[in-house]
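A.B. asks: Requesting a structural model of the entry that follows:
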Amino acid sequence: MSVLISYSDLEVRYKNGIGLSFPGFEVDKGTHCLILGDSGTGKTTLLHVLCGLMKPSSGIVTVAGVDIYGLSPKRMDQFRGQHVGLIFQQAHLIKSLTVLENLKMARWLAGLGENTSELSVILERLNMGDKIKSYPHELSQGQLQRAAIARALVNRPRLLIADEPTSALDDRNAEAVIALLLEQAQSYGATLLIATHDKRLKDKFSSTYIL
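C.D. replies: Predicted structure coming up:
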């Protein structure tokens with residue numbers, strides 16, 4: 001099994017002098033891995049570094065054999081759009097677009113067709129089928145999070161990265177979200193990397209990295 005994502009000797013230093021160091025780590029293609037840790041342990045920082053959103057002070061990050069911080073900013077954006085699906089703690093949906101339009105926009109930015117039927121199926125699986133025409137301000141926090149998860153799935157990414165995807169969800173919807181993430185990752189042969197402090201997820205992953 002080949003390695004999809006790896007890093008070594010990572011260090012992130014902030015202007016106030018505080019720094020975070022992360023030992024070497026690698027995840028094989030198709031593996032589902034949980035990064036578990038309490039708030040403040042650096043989970044979000046690590047995810048941002050791994051997907052090219054925060055350049056580390058030192059160290060190397062390789063995704064699909066590419067040293068991502070050796071890419072130009074434009075090429076980095078293209079690479080991320082083609083290979084990485086991101087689910088943040090905040091939804092970051094475009095406020096002037098409906099849920100379905102936000103998903104269509106994600107497909108368009110990646111150079112893919114709309115495929116409305118496939119987008120509708122994903123939303124149905126997330127109990128969001130009745131929110132297709134809703135705007136972000138009309139959604140609850142949990143619904144916003146599920147819409148963001150749907151957006152991350154529409155491009156069938158090779159690497160799916162989620163930051164606290166179940167933190168705002170009750171047990172029923174948390175179960176639905178994790179089932180969908182695991183199913184979609186398995187279906188597309190994607191590597192799934194989830195950072196969370198939600199210990200409800202621990203038993204669902206055979207590979208766990210504790211910060």
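
A.B. asks: where does this protein dip in pLDDT?
C.D. replies: Across the chain, residues meeting the criterion (pLDDT under 70) sit at 1.

A.B. asks: Grab the CA positions of the helix ranked longest in it and hand them over as CSV.
C.D. replies: Ranked by residue count under DSSP state H, the longest helix found in the chain is helix 171-188. C-alpha atoms of helix 171-188 as CSV (Å, rounded to 0.1, in the frame of the first residue of the first chain):
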residue,chain,number,x,y,z
ASP,A,171,-25.8,11.3,18.1
ARG,A,172,-28.1,10.5,15.2
ASN,A,173,-26.6,13.0,12.8
ALA,A,174,-23.1,12.4,14.0
GLU,A,175,-23.6,8.7,13.2
ALA,A,176,-25.0,9.6,9.7
VAL,A,177,-22.1,12.0,9.0
ILE,A,178,-19.3,9.5,10.0
ALA,A,179,-21.1,6.7,8.1
LEU,A,180,-21.2,8.9,5.0
LEU,A,181,-17.6,10.0,5.3
LEU,A,182,-16.4,6.4,5.7
GLU,A,183,-18.6,5.1,2.9
GLN,A,184,-17.6,7.9,0.4
ALA,A,185,-13.9,7.5,1.3
GLN,A,186,-14.2,3.7,0.7
SER,A,187,-16.1,4.2,-2.5
TYR,A,188,-13.6,6.6,-4.0
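
A.B. asks: who does the very next helix or strand once past that helix touch, helix- and strand-wise?
C.D. replies: The element immediately downstream of helix 171-188 (helix or strand, assigned by DSSP states H and E) is strand 191-196. Packed against strand 191-196, as judged by 3 or more C-beta pairs under 8 Å, 6 or more residues apart in numbering; DSSP states H and E, are the following elements: strand 3-13, strand 25-28, strand 32-36, helix 43-50, strand 159-163, helix 171-188. (Each C-beta comes from the backbone N, C-alpha and C, glycine too.)

A.B. asks: Could you identify which of these is most buried?
C.D. replies: Most buried of these, by mean neighbour count (mean count of other C-beta atoms under 10 Å): strand 159-163, with a mean of 23.
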